[in-house]
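# structure here, sequence nowhere to be found:
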């Protein structure tokens, strides 16, 4: 099952169960939202989770693109991406957790053909404020799925305050032996689907109050699911990245870790540009700038003549089409190449500044602040130049 078939199977399964498909938003939260980018499928739906009626009803399904800057340092491992898509379902004060988990089990085993013996679940065991999630525990026991009871690992929140609640996570065994141990003790259990019983709001003092309605919020990472269902151990080996696997190594020979970073960051940069962001020194523009410059740092480490103008047009088009963006391909390439020129000039200036006698010895915090505020040289760039 390729990625597009997977998305279609997911959405049709829940549409058959009364869910209305909503169009995923861009990566940019609405004006006034303090978050730089949409980080989860539930983010655009926060007002409705808090009680506002949704125009399409109480049961919803969608595909939402997300960006997590917290995952930047994790890119290069088998599962993390900066920009990814989240398959999501919601009950806005309608059905409860057992129904959601039962449907999730049915889709995985019947719709996607996962062997039930390869599944494991975790549930919330309770704490001083909220009791154990016995409903989810009983549902999994009825299906014969092994369950691990945990504490804070099965409590979901989108921050220190706001909507939150216990969750039940579904894991798939990826080892080459029969399943063993539990998700918290063996990382060959890979999380594929999280079902959150979003019933509470955490206040600034740490206390919990009930939300106006009892919601269900589920999230399923598309790229991770695709790689698992296609028998791959790495998201970069799924069909979604096949064009990158085919073209990028021919253009720029890279080791596997560097390939993953370049592939992820360029793909992410195209999506961010497609949603209207341009490089800048602060905010969203700085995230884009950082993505592009990390790519160039890797590419130039082996060959300073490499340039983003050589990026195959089909990779840009493949990304824009997949994320349903209609920006002209030449506009994306122009933004990337302009940022590359800026970075080359900055590197040259940085080398000249760091060659001054003042900066030949160990640098202190005052030096880093001066280099950043006066010459526009971020700490990570200074460290990179000195290491080189």
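The structure has been received and is ready for your questions. These numbers were taken from a predicted model, which means no experiment stands behind them.
# all the helices of this protein, residue numbers only.
All helices of the chain, identified by DSSP state H, fall at 3-15, 46-49, 97-106, 134-143, 222-229, 242-251, 256-274, 283-302, 313-322, 329-354, 365-375, 379-387.
# can I get these in JSON lines with mean pLDDT and mean neighbour count?
All C-beta atoms are positioned from the backbone trio N, CA, C, and that covers glycine. Converted to JSON lines, the helices of the chain look like this (pLDDT from 0 to 100; neighbours: other CB atoms under 10 Å):
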{"stretch": "helix 3-15", "mean pLDDT": "96", "mean neighbour count": "17"}
{"stretch": "helix 46-49", "mean pLDDT": "88", "mean neighbour count": "18"}
{"stretch": "helix 97-106", "mean pLDDT": "98", "mean neighbour count": "20"}
{"stretch": "helix 134-143", "mean pLDDT": "97", "mean neighbour count": "17"}
{"stretch": "helix 222-229", "mean pLDDT": "94", "mean neighbour count": "23"}
{"stretch": "helix 242-251", "mean pLDDT": "96", "mean neighbour count": "14"}
{"stretch": "helix 256-274", "mean pLDDT": "96", "mean neighbour count": "22"}
{"stretch": "helix 283-302", "mean pLDDT": "92", "mean neighbour count": "19"}
{"stretch": "helix 313-322", "mean pLDDT": "96", "mean neighbour count": "17"}
{"stretch": "helix 329-354", "mean pLDDT": "93", "mean neighbour count": "16"}
{"stretch": "helix 365-375", "mean pLDDT": "86", "mean neighbour count": "13"}
{"stretch": "helix 379-387", "mean pLDDT": "78", "mean neighbour count": "14"}
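# go through those helices and name the closest to residue 40.
Residue 40 sits nearest to helix 46-49 of all those, at 9.8 Å, using CB to CB.
# what helices and strands are in contact with the closest one?
strand 83-92, strand 162-173, strand 208-221 (3 or more CB pairs under 8 Å, 6 or more residues apart in numbering; DSSP states H and E).
# between those strands, which gets nearest to residue 28?
strand 83-92 (12.7 Å).
# so which residue is smack in the middle of this protein?
In the chain, the centroid-proximal residue (CA atoms, centre = their mean) is residue 84; its distance is 4.6 Å.
# quick one, what contacts that one?
The neighbours of residue 84, taking CB atoms under 8 Å, 6 or more residues apart in numbering as the test, are 65, 66, 68, 221, 222, 223, 224.
# tally of neighbours for the nearest residue to the third one once chain neighbours are set aside?
Beyond its immediate neighbours in the sequence, the residue positioned closest to residue 68 (CB to CB, 6 or more residues apart in numbering) is residue 39, lying 5.3 Å away. Residue 39 is flanked by 18 other residues according to other CB atoms under 10 Å.
# quick one: which of the contacts of residue 84 is nearest residue 303?
Set against residue 303, the nearest of these by CB to CB is residue 223 (29.0 Å).
# residue contacts, the residue lying closest to the closest one once chain neighbours are set aside?
Nearest residue to residue 223, sequence neighbours excluded (CB to CB, 6+ apart): residue 235, at 4.6 Å. Neighbouring residues of residue 235 by CB under 8 Å, 6+ apart: 78, 79, 80, 81, 223, 224, 226, 227, 241.
# report the two of the residues you listed separated the most.
So, the contacts of residue 235 by CB to CB: farthest apart are 80 and 226, at 14.7 Å.
# count of neighbours near residue 44?
So residue 44, with other CB under 10 Å, has 20 neighbours.
# and it, how close does it get to residue 358?
49 Å (CB to CB, to the nearest Å).
# for the residue nearest to the centre of the chain, which non-adjacent residue is closest in space?
residue 223 (5.3 Å).
# quick one: that neighbour from residue 172, how far?
14 Å.
# thinking again about what came up before, dump the helices and strands packed on helix 46-49 to TSV, plus mean pLDDT and distance to residue 290.
Below are those laid out as TSV (pLDDT from 0 to 100; distance: least, CB to CB, whole Å):
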stretch	mean pLDDT	distance to residue 290
strand 83-92	96	13
strand 162-173	95	27
strand 208-221	95	23
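# so can I have JSON lines of these showing distance to residue 271?
Formatted as JSON lines, these follow (distance: least, CB to CB, whole Å):
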{"stretch": "strand 83-92", "distance to residue 271": "5"}
{"stretch": "strand 162-173", "distance to residue 271": "26"}
{"stretch": "strand 208-221", "distance to residue 271": "15"}
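# do you know which of these lies nearest residue 254?
That would be strand 83-92 among the helices and strands packed on helix 46-49, by CB to CB, at 19.7 Å.
# distance between that closest one and the chain's centre?
Computed by CA atoms, centre = their mean, to the nearest Å, the chain-centroid distance of strand 83-92 equals 11 Å.
# how about stretch 133-147?
28 Å.
# as TSV, the helices of the chain with distance to residue 120 would be great.
Below are the helices of the chain laid out as TSV (distance: least, CB to CB, whole Å):
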stretch	distance to residue 120
helix 3-15	21
helix 46-49	28
helix 97-106	12
helix 134-143	9
helix 222-229	14
helix 242-251	30
helix 256-274	27
helix 283-302	35
helix 313-322	31
helix 329-354	42
helix 365-375	46
helix 379-387	39
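# which stretch among the ones you listed comes nearest residue 162?
Closest among the helices of the chain, once you apply CB to CB, is helix 46-49, at 7.8 Å.
# residues touching the closest one, excluding its own?
42, 54, 90, 92, 158, 162, 163, 198, 211, 215, 217.
# including distance to residue 127, could those residues go into TSV?
Compiled in TSV, those are given as follows (distance: CB to CB, whole Å):
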residue	distance to residue 127
42	22
54	31
90	25
92	26
158	18
162	18
163	17
198	17
211	18
215	20
217	20
